[in-house]
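Student: Sequence and predicted structure below; questions after.
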Amino acid sequence: MTKTNKMLPALKAAFPYTIPIFAGFWFLGITYGMYMDASGFPFWFPLLMSATIFAGSMEFVTVSMLQGTFQPMAAFLMALMINARHLFYGISMLDKYKGTGLKKIYLIFGMCDESFSINYTAKVPEGVDKGWFMFFVTLLNHLYWVSGATLGGLFGSILHFNTEGLDFAMTALLVVIFLEQWLKEPDHISSYLGLALPLLCLILFGADDFLLPSMILILTVLSLLRAVLEPRCSSADSGRF
């Protein structure tokens, strides 16, 4: 089978899985692009950042970093804390990425929550090359985000309207994620910790410096409590089936 004969069936099989991602990525991407424009950046900033960083929450945070003083170590630690979950995603995908050749480089770079979820759980149709299927899932999701962010940057520079409150989009997204997680939890120990520990750091370090200590403290406390929390989650999951 030629390379083209492998690619086209894989693209056709991957595309339907990414349609729901398209809607979400375009909405958030356009919002992000308009937020960048409202913050004083030209449209090519969200274009380049979405193409090279490809981490939605980190890209929103980067806006404030670009407006502040140059602190490379703080930026590194922030990126590490925000995207640390990808370390575990990557470990779980080691077997699935075997035999994908050079595509593995892009698969590693382009892994996001949504692409991981599809590539990890989707049943690749018979006769479709698994490596190309995962490649196109990742590529399509990447293109959705880049195009949305670019359009947002362009719309923001062309359409002039009151953008006050637009920066709340990321906060609203995280609140929704928190509420969904709350509904799935057997108990709410981790959620309570996620609220209490940042509040403690806010009191100790102030509004400008509490974020990194909060994330470090949350990671440390949850790691220490892992032996207690994991059995609770496992027993709750087993009770659902």
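Tutor: Perfect, I can see it now. Numbering: from 1, shown residues only.

Student: so where is the protein shaky, pLDDT-wise?
Tutor: For the chain, residues meeting the criterion pLDDT under 70 lie at 1-4, 159-174, 176-177, 180-181, 229-241.

Student: Output the longest helix belonging to it.
Tutor: Counting by DSSP state H, the longest helix found in the chain is helix 3-38.

Student: right, and the helix or strand after it?
Tutor: helix 44-52 (DSSP states H and E).

Student: now that next one: how far from the chain's centre is it?
Tutor: 15 Å (C-alpha atoms, centre = their mean, to the nearest Å).

Student: Please name every helix or strand in contact with that helix.
Tutor: helix 3-38, helix 56-67, helix 130-158 (3 or more C-beta pairs under 8 Å, 6 or more residues apart in numbering; DSSP states H and E). For the C-beta atoms, the positions are set from N, CA and C on the backbone; glycine is no exception.

Student: who's in contact with that helix?
Tutor: 29, 32-33, 36-37, 59, 62, 142, 145-146, 148-150, 152-153 (C-beta atoms under 8 Å, 6 or more residues apart in numbering).

Student: Can you point out the buried residues in that helix?
Tutor: Buried residues in helix 44-52, counted by 16 or more other C-beta atoms under 10 Å: 45-47, 49-50.

Student: now swap in stretch 205-215 and tell me
Tutor: Neighbour-count burial for stretch 205-215 [16+ other C-beta under 10 Å]: 210-211, 213-215.

Student: ok so, going back, dump the helices and strands packed on helix 44-52 into JSON lines; add mean neighbour count as well.
Tutor: Below are the helices and strands packed on helix 44-52 laid out as JSON lines (neighbours: other C-beta atoms under 10 Å):
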{"stretch": "helix 3-38", "mean neighbour count": "18"}
{"stretch": "helix 56-67", "mean neighbour count": "17"}
{"stretch": "helix 130-158", "mean neighbour count": "22"}
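
Student: Can you give the domain ranges for the chain?
Tutor: 3-158, 185-238 (automatic domain parsing).

Student: Can you say which of those domains is nearest to L179?
Tutor: domain 185-238 (9.6 Å; C-beta to C-beta).

Student: Relative to the whole chain's centre, how far out is the closest one?
Tutor: Taking mean C-alpha positions (C-alpha atoms, centre = their mean), domain 185-238 and its chain are 19 Å apart.
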